[in-house]
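**Student:** Need coordinates for the below:
(one chain, ligands or ions: 1)
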Amino acid sequence: MKVEEDMRQSFDLFFVSSNYHKYLEVKEILHSFGINIKFFKYDLEEIQSNSLKEIAFKKAADAFKKCKKPIIIEDDGLFIDSLCGFPGQYSSFVFKTIGNKGILQLLKKNRKAKFVSIISFCNDKISKSFEGKIEGNISKIQNGKSWGYDPIFIPLNMNKTFAELNKKNKLSHRYKSLKKFSNWYLHMMKSCDQ
Ligand code: IMP
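**Tutor:** Numbers count the residues shown, from 1 in each chain. Next up is the predicted model:
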């Protein structure tokens, strides 16, 4: 019994973040792929870099050091075409400062934008990242109630914001990066079993 418990614990996977909304989405999406995760609430420091991937790698290494179990973290951002990709890697800071209202005031005709999500896995041997993207447009006003930029992001070929859609978790940037991660992770776990 003890050995079995130890085995199970060694396969525990933690999502490290201070953002509970993200955790709920990650949990639901991974559950649909047959992977269960636990929440390790921790505010990870972010390095200054133009590359989300570089930020994610560093965050994952820090998260593993702190949690000492296999972990995943996410780094993501909203990239707006007419603002040369702003807020991008500064999405968290910009949301806390000017927020959705401020973003809406900055935009005119061209409202094209994309969300990018990087999921990084790290354990004692492996560090690996997976990217997901979704193209769309910034709405003219905020629509729907949800977290972050959800009330102002309309996925391409749709007429509702992420906040108004009940299928966000089946098409989002997060869904796409987690799908890639899940394929790799389940394959790796299977080969560990053999
Ligand atoms: P970070 O990855 O924790 O640095 O945060 C990026 C920021 O982008 C978050 O704090 C949110 O404000 C925003 N963001 C990222 N993904 C989403 C999403 O799916 N919906 C709404 N806002 C998001």
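
**Student:** From here on, just use CA atoms for contacts and neighbour counts.
**Tutor:** Noted.

**Student:** Make sure I have this right: Phe115 is in a strand.
**Tutor:** Yes: if the criterion is DSSP: H, G, I helix; E, B strand; the rest coil, then Phe115 is within a strand.

**Student:** so who does it touch?
**Tutor:** The contact partners of Phe115, taken as C-alpha atoms under 8 Å, 6 or more residues apart in numbering, are 76-79, 133-135, 173.

**Student:** again with Gly77
**Tutor:** Counting by C-alpha under 8 Å, 6+ apart, Gly77 makes contact with 87-92, 115-117.

**Student:** filter those to the buried ones?
**Tutor:** 87-92, 115-117 (16 or more other C-alpha atoms under 10 Å).

**Student:** which of those residues come close to the ligand?
**Tutor:** Contacts with the ligand within the buried ones among the contacts of Gly77, counted by C-alpha under 6 Å from any ligand atom: 91-92.

**Student:** Could you take the buried ones among the contacts of Gly77 and lay them out as JSON lines, with extra columns for pLDDT?
**Tutor:** Shown next, in JSON lines, are these (pLDDT from 0 to 100):
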{"residue": "Pro87", "pLDDT": "97"}
{"residue": "Gly88", "pLDDT": "95"}
{"residue": "Gln89", "pLDDT": "92"}
{"residue": "Tyr90", "pLDDT": "93"}
{"residue": "Ser91", "pLDDT": "95"}
{"residue": "Ser92", "pLDDT": "92"}
{"residue": "Phe115", "pLDDT": "98"}
{"residue": "Val116", "pLDDT": "97"}
{"residue": "Ser117", "pLDDT": "98"}
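
**Student:** Check which helix or strand the residue positioned nearest the centre of the chain maps to.
**Tutor:** Residue closest to the average C-alpha location in the chain (C-alpha atoms, centre = their mean): Glu74, at 4.2 Å. Using DSSP states H and E, Glu74 sits within strand 71-80.

**Student:** Skipping adjacent residues, who's closest to Ser146 in space?
**Tutor:** Computed as C-alpha to C-alpha, 6 or more residues apart in numbering, the closest residue to Ser146 that is not its neighbour in sequence is Ala163, at 5.2 Å.
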